[in-house]
Structure formats: C-alpha cells, structure tokens
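>>> Below is the structure, and that's it, no one-letter string:
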C-alpha cells in the first residue's frame, strides 16, 4: 500500500470512530475538504465580495447540547436563483460549519436558515462570522470556483419512494422476489 493509505489506516486505528472503515475514511476526507474550502474563503478579495449582500435576520442562540443555534440569513442578490445553486450553498455551508443539524432555504424569498451546534470550547463561530462564510461560499459559487454538483447532504426529493431510498435489506428482498418471479417455470 502507498504511504497515504497507511497514514489513513493508522489514524483510523488510533482514534475510535463511529461507523465502519469507509465512513471513517469519508470523515477524514471531509476534514481535508473543509480545510481546502477555508483556504479558498481566505483567498477571496473582500472588495469583490462586498457587492453580494448577506444579512443576518434572526439569531436564536444555542442552549448547551439541548437545542441548536438558529440563524436566518437573507441573500437578496440570489432572489430567483435556481434551486440547484441554493442546494450547493446549503451543502457547502454544511461542510464549512461541520456540526449542522439542518439547512433550509426559500428560493422565492432568498433566505437560508441554518441550525447548528457551535463548539462550546475552542474556536466558536459567531453569527457574523457564519454570515461571512455563507457570503464567501455564495460568491465562490457565483464565479464558478465551487462546483454546484456537490451532493453529499443534498435532499434528493426525486429519489423518495425509489430504489435509492431503500435500505440494503429492502433492496435485497425485492431483488430476491424478482429473481424468484423470473425463475418460475413458464406454463
């Protein structure tokens, strides 16, 4: 195996994690993606992004580990943008903020609502800083520096009720039933 794979496996063995090995590898990869996103956000020229207005409309603080913080932002420049861009904005906000419970957006009113658990220790992000992060992400999406096909956390409403939403057991059961039907002798 190459050195990077060994490093990943060593990290997985040293730190207990949730999920199986592939999920733990995905967590490490997302941490690297988060670092890269913050590097991109730090390189943005503040004068260029100033035209893109992001206004904090509502802020309900977090209550310990019982209730997440709720932030509602308005992006008037994005009014009328296609849902694809709003989904990408939500996906990248989830990546950047890390401990997000839910992201909702209203395309018609150009608003995004973020529920997240801020770190109680270490570097806690203020609502204003989160607004700057969302503004930077929106700017990077507009100039096409970030792709809009980032779909890790995107709600796939068109998949509801389809094979993509089924558990492995349900899909295996349906597969077995189909095999049984096709293997029946023809009369």
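Structure received. What you see is a predicted model; the values in this text were computed from it and never measured. Residues are numbered from 1 along each chain as shown.
>>> Can you read off the pLDDT for residue 156?
Model confidence at residue 156, expressed as pLDDT, equals 43.
>>> Could you list the low-pLDDT ranges of the chain?
1-9, 11-20, 120-122, 124, 150-187 (pLDDT under 70).
>>> Repeat the analysis, applying 50 as the threshold.
153-160 (pLDDT under 50).
>>> and it, what are its domains?
1-43, 48-181 (automatic domain parsing).
>>> mind listing the strands for this structure?
With strands called from DSSP state E, the chain shows them at 55-60, 69-74, 100-106, 111-116.
>>> Let's have those strands in a markdown table, adding distance to residue 123 and mean neighbour count.
All C-beta atoms are positioned from the backbone trio N, CA, C, and that covers glycine. Putting the strands of the chain into a markdown table (distance: least, Cβ to Cβ, whole Å; neighbours: other Cβ atoms under 10 Å) gives the following:
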| stretch | distance to residue 123 | mean neighbour count |
| --- | --- | --- |
| strand 55-60 | 19 | 13 |
| strand 69-74 | 15 | 20 |
| strand 100-106 | 16 | 16 |
| strand 111-116 | 14 | 20 |
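>>> Now that we have these, can you turn them into CSV and tack on distance to residue 146?
As requested, the strands of the chain are arranged in CSV below (distance: least, Cβ to Cβ, whole Å):
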stretch, distance to residue 146
strand 55-60, 22
strand 69-74, 18
strand 100-106, 16
strand 111-116, 16
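>>> Go through those strands and name the closest to residue 22.
Among these, the nearest to residue 22 by Cβ to Cβ is strand 100-106 (21.6 Å).
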